[in-house]
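Asks: no sequence on this one, just coordinates:
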């Protein structure tokens, strides 16, 4: 229950997130953030605050040895994430992951719970309960500045979804 929003412009990746922490019908504004930098990555994550904490504080990005960035993300990056989650006993016996957005070298990647790596054909994306609303807003603000677009998308998601709440935080890759 959240909304993560990302926009790519001029080689930079901007990722914004709300601050909702939700369990059952309870909602709390969290001080710990869902968006952060880790090495060469800017990350916005949903699914679990433990997943976010592991990605933020414990994940050590692997060295990129192959030339192709997509291959690196699909193999080295994902293998490292899966190992981290397994070693920390996150995701249960199935070693399920979560849903998050990654900015790396000016491109935006979406990682899903089955560890597939996706790249959408637009220069923006969103994940979480508020994502359909945020995507509509991002579509309608094409041509505006990235921070404006992300704020408007998160505001729309918070207005129409009970699972999204401010304050909003935005991190830029460069």
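Replies: Received it, and whenever you're ready, just let me know what you need. Since this is a predicted model, take the numbers as computed values, not measurements.
Asks: just the strands from this structure, written as ranges.
Replies: 4-9, 12-17, 20-23, 26-29, 35-38, 41-45, 100-104, 107-111, 117-118, 124-127, 169-172 (DSSP state E).
Asks: can I get those strands in TSV including distance to residue 80 and mean neighbour count?
Replies: Every residue, glycine included, has its C-beta placed from N, CA and C. Formatted as TSV, the strands of the chain follow (distance: least, C-beta to C-beta, whole Å; neighbours: other C-beta atoms under 10 Å):
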stretch	distance to residue 80	mean neighbour count
strand 4-9	21	26
strand 12-17	20	26
strand 20-23	27	16
strand 26-29	31	11
strand 35-38	11	19
strand 41-45	11	27
strand 100-104	12	24
strand 107-111	12	21
strand 117-118	13	14
strand 124-127	20	25
strand 169-172	21	18
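Asks: got JSON lines for those, with distance to residue 154 and mean pLDDT too?
Replies: Putting the strands of the chain into JSON lines (distance: least, C-beta to C-beta, whole Å; pLDDT from 0 to 100) gives the following:
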{"stretch": "strand 4-9", "distance to residue 154": "6", "mean pLDDT": "98"}
{"stretch": "strand 12-17", "distance to residue 154": "6", "mean pLDDT": "98"}
{"stretch": "strand 20-23", "distance to residue 154": "11", "mean pLDDT": "90"}
{"stretch": "strand 26-29", "distance to residue 154": "14", "mean pLDDT": "90"}
{"stretch": "strand 35-38", "distance to residue 154": "11", "mean pLDDT": "97"}
{"stretch": "strand 41-45", "distance to residue 154": "11", "mean pLDDT": "97"}
{"stretch": "strand 100-104", "distance to residue 154": "13", "mean pLDDT": "98"}
{"stretch": "strand 107-111", "distance to residue 154": "17", "mean pLDDT": "98"}
{"stretch": "strand 117-118", "distance to residue 154": "21", "mean pLDDT": "98"}
{"stretch": "strand 124-127", "distance to residue 154": "9", "mean pLDDT": "98"}
{"stretch": "strand 169-172", "distance to residue 154": "9", "mean pLDDT": "98"}
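Asks: between those, which one is nearest to residue 149?
Replies: Closest of the strands of the chain to residue 149 is strand 4-9, at 5.4 Å (criterion: C-beta to C-beta).
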